[in-house]
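Sharing a model that was predicted from the sequence below.
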Amino acid sequence: MSGGKHAGGGRGETAMVPEADFESYYGRPIIKAPVWKTPDVPLYLFLGGLSGASAVLAEGAALTGRPGLEKVARLTASGGAMAGTVFLIHDLGRPERFLNMLRVLKPTSALSVGTYILSGFASLSGGAAALEVTGWFPRLKRLLGLGAAATGPALATYTAALIANTAVPIWHEGHRELPFVFAGSGASAAGGTGLLLAPARDAGPAARMALAGGTIELVASEMMERRLGMLAEPYHRGRAGRLMTASKRLTVLGHVLNLLGLRWPWLRRLAGVSYLAGSATLRFGIFDAGLDSSNDPKYTVVPQKERAARRKQTLGSTSA
Amino acid sequence: MTFSPESLFGRLEDVQSDAGYDEHPPRMGFFTDTSICIGCKACEVACKEWNMVPDDGFMLTGMSYDNTQGLGASTWRHVAFIEKPVDVPVPEGSGPTASTGTDLGMPTVGVPQVGDQEAPSGEGGIRWLMSSDVCKHCTHAGCLDNCPTGALFRTEFGTVVVQPDVCNGCGYCVPSCPYGVIDVRHEDGDGRAWKCTMCYDRLKVGETPMCAKACPTESIQFGELTELRERAQARVEELHEQGVEVARLYGADPGDGVGGDGAFFLLLDEPEVYGLPPDPVVTTRDLGSIWKHVGAAAVGLVALGVASFVGGRR
């Protein structure tokens, strides 16, 4: 028996707003959930943020003469991009056809644009890292590093366009804040890596980057969840809800340890771990929430019905 | 090829020339009139046979007579069966004892009327709706615009088709479709994306797509989209005159969120009852806004980086 009214959602957790009645076809989802694999794609989102922001950190370190931080950041930028590429290719149904991504450049496809950003960034940051390790051609290293720092922010944030430009309600309707969440989260992870691995005397900028990035991540996610209203429910329930809560706690813990690190520098290493874990769990949480948001027809039907009703009302009032 | 905001959202008169065809045949489409669908599934079978689509599992879902559940990589036509309880007012003095004649519950001919299906007990009845769903071949197709390889393309008939020899199985088209049509097929072991081609091979030689050819009631009508829209308008008006107020067209308006569907429907209930989104909007409507916010965030990240090095020597 179908088609009846479903009290939507109802998966045990407290609803933010009164349950909306809606109809569906046997409760089946309307849109299809992303078929991207876990952990491949959430890790790719995380590594893009980490490596993109690390390239910025590396260039800043080079400019201000902090070789310890520069080395860590350059290797993180390049390593993250390479690992991200591996995850991206592994996620394809036909990995041997990865190069088909480069047979066209489609400005309408965030994945197409992103593949070029990733290819460019991986080459630049990889070159800079190789020269960092070998110590050859220091000026070329700086040039490549500058290129990586210029493309890094695009790599860290384009992934927000990638997931927002879909029919997944919780991602699409969050498209104004998601890029800032990702930028903040990337900076938090890059700063965290610097805190964890760079020599303590160089760690100041990494500490500030993590502090600012983590705060932006927290504030932008909060703003996003508020504006989404009922659509944000998947961020507060099930696995996605647990991951989002864990992410927030880890980032706040990172802040606390980071600030205590001013007094006890060894705590900064722990702060670094906490920031990295917070940034990674955020991507897994956002990814899981997207699946939940796709699989529950409520999030497709209810907002669309409301939109259609509003339009009808405006049309009615203008024709009257 | 011209690139304009109309390519992504809004009314678009000539979808083929927007896609780069200088000369092209008229835009072809499907009009699926669900008011005369009998749920025979000939369309599902004919589609599978012609396109050599693999089976999609032999299971019983318990969802009325629907065991294919929805459109997918291996289900390019899907017949929905909706059993919807209706509250039928019990007429005065009627009831089990007052029922006249012997109703064997045999199907009758004519337009479905709510009262026809009243249960003998008088407790209200079941309304049965059937509808053959298919890819909408949108004017603004999210799957096509998001495909990073160009495997999905716009044909000269204005339809949207996947080239299996180009698709690399990235899966981006899947959540890009506001109708949940296209899907990847894991059974092949490679996860490439598949969906209805509106029988592109048959269209090329002037033939009707198999589903429309096989449909015994002409519930599935194939033809030039402009003509189909006129025919559908006439049909919905005819039904309204007959008192079937619930009849409405779905996807026929070129001003809707996807610029109108190449395959549209006449429905007898709200779209979501059939598993269709009530007010689909192509995701690329917000593409400009999305990139603007990404750009601002990227610039912000550079600024954050600079700020991290300003002030403090530690």
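Arrived safely.

From here on, just use CA atoms for contacts and neighbour counts.
OK.

And the pLDDT at residue 102?
Answering for chain A, as no chain was given. On the pLDDT scale, residue A:102 is placed at 93.

right idea, wrong chain: chain B
So, for residue B:102, pLDDT stands at 54.

Then residue B:139?
According to the model, residue B:139 scores 97 on pLDDT.

ditto for the one 3 residues further on
At residue B:142 the predicted local distance difference test score is 97.

Identify the residues contacting residue B:250.
Contact analysis of residue B:250 by C-alpha atoms under 8 Å, 6 or more residues apart in numbering or on different chains lists B:264, B:265, B:266, B:267, B:271.

now do 6 Å
Applying C-alpha atoms under 6 Å, 6 or more residues apart in numbering or on different chains, we find residue B:250 in contact with B:264, B:265.

Check the gap between it and residue B:192 for me.
Going from residue B:250 to residue B:192 by C-alpha to C-alpha, to the nearest Å gives 29 Å.

One more: residue B:290?
27 Å.

Kindly report the same for residue A:222.
From residue A:222 over to residue B:192 (counting by C-alpha to C-alpha), the distance is 37 Å.

Can you say which helix or strand has residue 140 in it?
By default, I'm working from chain A. Element membership of residue A:140, judged by DSSP states H and E, is helix A:138-164.

repeat for residue B:84
Secondary structure assignment for residue B:84, by DSSP H and E: strand B:77-86.

elements contacting that strand?
strand B:125-134 (3 or more C-alpha pairs under 6 Å, 6 or more residues apart in numbering or on different chains; DSSP states H and E).

So what angle separates the directions of the strand it packs on and strand B:77-86?
Between strand B:125-134 and strand B:77-86, the angle comes out at 160 degrees (axes from the mean of the first three to the mean of the last three C-alpha atoms, to 10 degrees).

Name the residues of strand B:125-134 that are buried.
B:125, B:126, B:127, B:129, B:130, B:131, B:132, B:133, B:134 (16 or more other C-alpha atoms under 10 Å in any protein chain shown).

which element follows it toward the C-terminus?
helix B:142-146.

so how far is that next one from its chain's centroid?
15 Å (C-alpha atoms, centre = their mean, to the nearest Å).

if you look at that helix, does any of it touch chain A?
Yes. Contact of helix B:142-146 with chain A (C-alpha under 6 Å from any C-alpha of the partner chain) involves B:145, B:146.

would residue B:266 count as being in a strand?
Yes. Assignment of residue B:266 by DSSP: H, G, I helix; E, B strand; the rest coil places it within a strand.

gap between it and residue B:251?
Counting by C-alpha to C-alpha, the gap from residue B:266 to residue B:251 is 9 Å.

residues contacting residue B:13?
With C-alpha under 6 Å, 6+ apart, residue B:13 has no contacts at all.

Please tell me how far it sits from residue B:27.
With distances taken as C-alpha to C-alpha, residue B:13 is found 10 Å from residue B:27.

just for the stretch 101-250 of chain B, where's the confidence low?
For the stretch 101-250 of chain B, applying pLDDT under 70 flags the ranges B:101-124.

Chain B contacts on the stretch 51-200 of chain A?
Close to chain B, as judged by C-alpha under 6 Å from any C-alpha, the stretch 51-200 of chain A has residues A:92-94, A:97, A:100-101, A:108-109, A:111-112, A:153-154, A:157, A:161, A:165-167, A:175-176, A:179-180, A:183.

Keep only those of those residues that are in strands.
Judged by DSSP state E, strands contain none of these.

In the helix or strand harbouring residue A:312, which of the residues would be classed as buried?
For residue A:312, the host element (DSSP H and E) is helix A:298-319. Within helix A:298-319, the residues that qualify as buried by neighbour count (16+ other C-alpha under 10 Å) are A:298, A:299, A:300, A:301, A:302, A:303, A:304, A:305.

quick check, nearest of those to residue B:259?
Closest approach between the buried residues of helix A:298-319 and residue B:259, by C-alpha to C-alpha: residue A:304, at 16.2 Å.

give me every residue that touches that closest one.
The contact partners of residue A:304, taken as C-alpha under 6 Å, 6+ apart, are B:278, B:279.

at 8 Å what do you get?
B:277, B:278, B:279, B:280.

which of these are close to chain A?
B:277, B:278, B:279, B:280 (C-alpha under 8 Å from any C-alpha of the partner chain).

What is the burial count for the residue of the stretch 201-320 of chain A found nearest chain B?
Closest approach between the stretch 201-320 of chain A and chain B, counting by C-alpha to the nearest C-alpha: residue A:204, at 4.3 Å. Residue A:204 sits with 22 neighbouring residues when counted by other C-alpha atoms under 10 Å in any protein chain shown.

same deal with residue B:171?
26.

related to what we said a few turns ago, neighbour count: residue A:222 and residue B:192, which is higher?
Between residue A:222 and residue B:192, counted using other C-alpha under 10 Å, residue B:192 has the larger neighbour count: 25 against 15.

Now do the contacts for the more buried one.
Residues in contact with residue B:192 (C-alpha under 8 Å, 6+ apart) are A:93, A:94, B:164, B:167, B:168, B:169, B:170, B:171, B:184, B:185, B:186.

Ok, residue B:216 next?
By C-alpha under 8 Å, 6+ apart, residue B:216 lies in contact with residue B:42.

same thing but 10 Å
B:36, B:37, B:38, B:40, B:41, B:42, B:43 (C-alpha atoms under 10 Å, 6 or more residues apart in numbering or on different chains).

which of the residues you listed count as buried?
By 16+ other C-alpha under 10 Å, the contacts of residue B:216 give B:36, B:37, B:38, B:41, B:42, B:43 as buried.

Was I right to think the third one contacts residue B:65?
Okay, so that is residue B:38. No. Between residue B:38 and residue B:65 there is no contact under C-alpha atoms under 10 Å: 11.7 Å.

Please identify the residues of the stretch 101-250 of chain B in proximity to chain A?
B:126, B:142-151, B:165-186, B:188-193 (C-alpha under 10 Å from any C-alpha of the partner chain).

one step back: of all the contacts of residue B:192, which comes closest to residue A:62?
Out of the contacts of residue B:192, the member with the shortest distance to residue A:62 (by C-alpha to C-alpha) is residue B:170, at 37.4 Å.

was I right about that closest one contacting residue A:92?
Yes. At 4.6 Å, residue B:170 counts as touching residue A:92 under the criterion of C-alpha under 10 Å.

check contacts around the residue nearest to residue B:44 when sequence neighbours are not counted.
Spatially, and ignoring its direct neighbours in sequence, residue B:44 is nearest to residue B:77 (5.0 Å; C-alpha to C-alpha, 6 or more residues apart in numbering or on different chains). Residues in contact with residue B:77 (C-alpha under 10 Å, 6+ apart) are B:41-48, B:68, B:70-71, B:131-135, B:181, B:195-196, B:211.
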